[in-house]
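1. With the sequence up front, the predicted model follows.
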Amino acid sequence: MRTTVADVQKMKRAGERIAMVTVYDCASTLIAERAGVPILLVGDSLGMVMLGHDTTLPVTVDDMERHAGAVMRVSRQALVVADLPFLSYATVEDAIGSARRLMQNTGVQALKLEGGESIVPQVRRLVEQGVPVMGHLGLTPQSQHQIGLRVQARGAAEARKLLEDALALEAAGAFALVLEVVPAPLAEAISRRVGIPVIGIGAGVGCDGQVQVWHDLLGLFEGRPPRHAKQYAQVGAIMEQALRSYVDDVKSGAFPTEAQSATMDAAELQAALA
Ligand code: KIV
Ligand code: NA
């Protein structure tokens, strides 16, 4: 049975912490579901980790549709959420149009939008139309040219605004909320104050759940991962080693062997070449 929005809300009430991870393609989806991850996010972080952009800003609804489609073709278990990309929900009409494309063309169960009070009309309308909406506050990367990439809401006024935004999203019908790179004590307080599950990333252990980017968790990139990430494996290094062995084996003739090759009757070959 596929995880539902109601299931993750039940997890919050039961005090069961919720794990969420990004996926962007078939292989990652199958692995994450075998590992029992209850919520998968087709994040617009795919702009960076899949498409090589510096930010999420160039990501289009087309991009999201292609990757969410790949995920949904193989997903059977998780609750799958997709990001609405930058400027694809500037108005209520835009939000409905983008939601129509993503939900009807891919089958994802829910959408995630960045922003607080200013996008309440969009959230309300989507929810009225049957679209489960996940909010996203704090370090919202689509606004990075305004807010930067530093820790958000350290001061009282900003922290107050974050709480108000969280309450506004809940009142508008959001079923859950991501809090990105905000002080842990504030994230914990907001998690207690709202009834919907709060999924943190760089927001401390006091949230109802955690979300991480696939490549950060698995060590698929060179260079320093973000401070909030923990590398659970160095999969990139394992892949590199495997590919080195493959190159060596091709060069030396150790690959392929008979096991990877087809045979043919010697007489047939002779006849063919005569
Ligand atoms: O796009 C993404 O990966 C995200 C998560 C980091 C929350 O929005
Ligand atoms: Na995102």
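-> Everything's here; your move. Ligands and ions are numbered 1, 2, ... in the order given.
2. Would you state the strands of the stretch 101-250 of the chain in chain order?
-> Using DSSP state E, counting those that start in this stretch, the strands of the stretch 101-250 of the chain run over 110-114, 133-138, 176-180, 198-201, 209-212.
3. in the last one, what counts as buried?
-> Meaning strand 209-212. 209, 210, 211, 212 (16 or more other Cβ atoms under 10 Å). Glycine gets a C-beta too; all of them are placed from N, C-alpha and C.
4. between these, which is closest to ligand 1?
-> Closest approach between the buried residues of strand 209-212 and ligand 1, by Cβ to the nearest ligand atom: residue 211, at 4.8 Å.
5. now residue 3: how far from ligand 2?
-> Distance check for residue 3 against ligand 2: by Cβ to the ion, to the nearest Å, it reads 20 Å.
6. For that residue, give me phi and psi.
-> phi -60, psi 140 (degrees, to the nearest 10).
7. just to revisit the earlier point, export the strands of the stretch 101-250 of the chain as TSV, with columns for mean pLDDT and distance to residue 168.
-> Output for the strands of the stretch 101-250 of the chain, formatted as TSV (pLDDT from 0 to 100; distance: least, Cβ to Cβ, whole Å):
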stretch	mean pLDDT	distance to residue 168
strand 110-114	99	13
strand 133-138	98	9
strand 176-180	98	11
strand 198-201	98	14
strand 209-212	98	21
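8. if we can go back for a sec, now, which of the buried residues of strand 209-212 lie close to ligand 1?
-> residue 211 (Cβ under 6 Å from any ligand atom).
9. Mind putting the buried residues of strand 209-212 into TSV with distance to ligand 2?
-> Conversion of these to TSV gives the following (distance: Cβ to the ion, whole Å):
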residue	distance to ligand 2
209	16
210	15
211	9
212	12
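10. Output the strands of the stretch 101-250 of the chain as TSV; include the columns distance to residue 75.
-> What follows is the strands of the stretch 101-250 of the chain, written out as TSV (distance: least, Cβ to Cβ, whole Å):
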stretch	distance to residue 75
strand 110-114	13
strand 133-138	17
strand 176-180	18
strand 198-201	18
strand 209-212	17
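11. Any idea which of those gets closest to residue 67?
-> Nearest to residue 67, of all these, is strand 110-114, at 13.8 Å by Cβ to Cβ.
12. Name the residues of stretch 122-133 that are buried.
-> Applying 16+ other Cβ under 10 Å to stretch 122-133 flags 122, 123, 124, 125, 126, 131, 132, 133 as buried.
13. Which residue, other than its chain neighbours, is closest to the fourth one?
-> Just to be clear, that refers to residue 125. residue 92 (4.8 Å; Cβ to Cβ, 6 or more residues apart in numbering).
14. How much space separates the one you found from ligand 1?
-> 22 Å (Cβ to the nearest ligand atom, to the nearest Å).
15. who in the stretch 1-150 of the chain is up against ligand 1?
-> Residues of the stretch 1-150 of the chain lying near ligand 1 (Cβ under 6 Å from any ligand atom): 22, 41, 43, 44, 45, 83.
16. who's the first one bridged to?
-> Here residue 22 sits in beta bridges with residue 41, going by DSSP bridges.
17. mind checking pLDDT for it?
-> pLDDT for residue 22: 98.
18. roughly how far apart are it and residue 157?
-> Per Cβ to Cβ, to the nearest Å, residue 22 is found 32 Å from residue 157.
19. Repeat that for the last one.
-> Plainly put, residue 83 is 28 Å away from residue 157 if you go by Cβ to Cβ.
20. between those two, who's got more neighbours?
-> More crowded of residue 83 and residue 157, by other Cβ atoms under 10 Å: residue 83, with 30 against 8.
21. residues in contact with the closest residue to the more buried one other than its chain neighbours?
-> Sequence neighbours aside, residue 44 is the residue nearest to residue 83 in space, at 4.1 Å (criterion: Cβ to Cβ, 6+ apart). Shown in contact with residue 44 (Cβ atoms under 8 Å, 6 or more residues apart in numbering): 56, 59, 63, 64, 83, 85, 86, 141, 142.
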